[in-house]
Structures are given as C-alpha cells and as structure tokens.
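The following block contains a protein sequence and its predicted model.
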Amino acid sequence: MALSREETARRYGTAIFDFAKDSGKTELMYSELTELKKAVQAEPRFVQVLSNPVLDAKQKESLLTAVEQDFSAELQEVLNFLLSYDRFDNLVDIIDYYIHLYNAANHIGTGVAKTALKPDEDQLQRLADSYAKKYGLQALHLENEVDPEIIGGVVLEVEGRVIDGSVKHRLEKIRAMLTK
C-alpha cells in the first residue's frame with residue numbers, strides 16, 4: 001500500500017529531524033533545508049528531474065552530486081537517502097514537516113498577519129515580537145497578506161488561533177449590538 005503525501009512527509013521529516021538531533025545539527029539542517037526549499041520552489045524542474053522514472057539512478061546521482069557540494073555532509077547524506085528511496089517528489093513536503101518539528105522543539109510559531117495595507121518590516125516584526133512574548137514563544141515568523149476588505153487593523157492567524165483586530169470585525173460587532 002502506498003503512503004499518502006502527508007504520511008511520507010511525516011515519516012521522512014521525523015527521521016531527518018531525529019538524525020539532525022542525534023548529530024547535534026538541527027539548526028544547520030534547518031538553515032540548509034530552508035535554503036534548499038527556496039531554491040526548489042524557484043526551480044521546480046530540479047525535483048521533477050530527480051523524480052523522473054525515465055532517468056537511471058547513475059544520472060540522478062551525478063546530477064545530485066553536482067548540486068549538493070555546497071551543503072553539509074549531513075544534508076548530502078539525507079539527499080542521497082531520499083534519492084535512493086525515490087522520495088524526491090515529496091521533498092518540499094518533507095522539508096515543511098522538518099521545519100514544523102524544528103519550530104515546535106524551539107518554541108517558534110508561524111502565522112499570517114492580514115492587513116488592509118502592507119506594513120513595513122519593522123511593524124511586522126514588532127507585531128510578531130509582541131505576540132511571541134504574550135504567548136510564550138521564542139519567536140514568531142509572520143507572513144503578510146494584504147486584504148483591503150478588513151478596512152484597517154490586523155487579523156492574526158497563528159498556529160490555529162485567530163485574533164481579529166480588524167476594523168471590519170469591530171464594525172460587525174457594533175452592528176450586531178445595535179440590531180439586538
């Protein structure tokens with residue numbers, strides 16, 4: 001029975017995290033995997049080529065060897081392991097699961113700040129720092145999503161929690177109170 005993408009990501013992401021932890025290289029692995037993910041997203045054909053069943057193993061190995069030279073020995077070992085088990089088509093999902101485990105172990109949150117206008121980096125960082133302090137996180141990585149319909153304020157979605165401080169939400173609450 002074939003594994004689902006989620007199960008494959010969970011199993012391999014966990015194995016890589018455990019390997020990095022045993023090697024004392026969780027931060028290095030996090031850093032390298034994050035950079036690898038950005039590169040793969042910018043050039044998805046790389047994963048497509050290494051997942052292509054038409055290419056033989058030697059061709060894939062030589063391509064991977066050429067690319068992985070700048071990475072640590074640990075990440076090279078991980079990449080060769082994924083190649084040998086034909087799991088390159090799940091690479092981004094596996095990296096995402098590793099990042100999830102790394103963030104959980106280091107009390108780092110991730111989320112989205114929806115705003116009517118794009119805030120500058122300093123404003124976004126102050127918002128992230130404030131939320132992290134309030135909820136006991138070491139850090140919070142926020143992505144910004146512009147949504148003019150919220151009129152003003154911010155809607156934070158972090159780890160399944162939503163804090164709606166938008167003007168639209170406040171107006172809806174006032175409307176509900178007035179119609180009672």
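Structure's in. What do you need? Numbers count the residues shown, from 1 in each chain.

Could I get the contacting residues of Asp164?
Val155 (CB atoms under 8 Å, 6 or more residues apart in numbering). Placement of C-beta: from N, CA and C, glycine included.

so what pLDDT did it get?
You'll see Asp164 listed with a pLDDT of 93.

do the same with the one 10 residues further on
On pLDDT, Ile174 comes in at 91.

Please, which helix or strand holds it?
According to DSSP states H and E, Ile174 maps onto helix 167-179.

Give me the residues contacting that helix.
Outside helix 167-179, the residues touching it (CB under 8 Å, 6+ apart) are Ala116, Glu149, Ile150, Ile151, Gly152, Gly153, Val155.

One more: stretch 79-90?
5, 8-9, 12, 47, 50-51, 60-61, 64, 68, 71, 91, 94.

ok, of these, which one's closest to Lys25?
Relative to Lys25, the closest of those is Phe71; by CB to CB it sits at 11.5 Å.

Tell me the secondary structure at that closest one.
Applying DSSP: H, G, I helix; E, B strand; the rest coil to Phe71 yields a three-state assignment of coil.

Asp96 sits in which helix or strand?
helix 91-105.

avg pLDDT for that helix?
97.

Check which helices and strands that helix is in contact with.
helix 5-23, helix 26-42, strand 108-115 (3 or more CB pairs under 8 Å, 6 or more residues apart in numbering; DSSP states H and E).

Flag every buried residue along that helix.
Buried residues in helix 91-105, counting neighbours by 16 or more other CB atoms under 10 Å, are found at Leu91, Val92, Asp93, Ile94, Ile95, Tyr97, Tyr98, Ile99, His100, Leu101, Tyr102, Asn103.

No further queries at this time; thank you.
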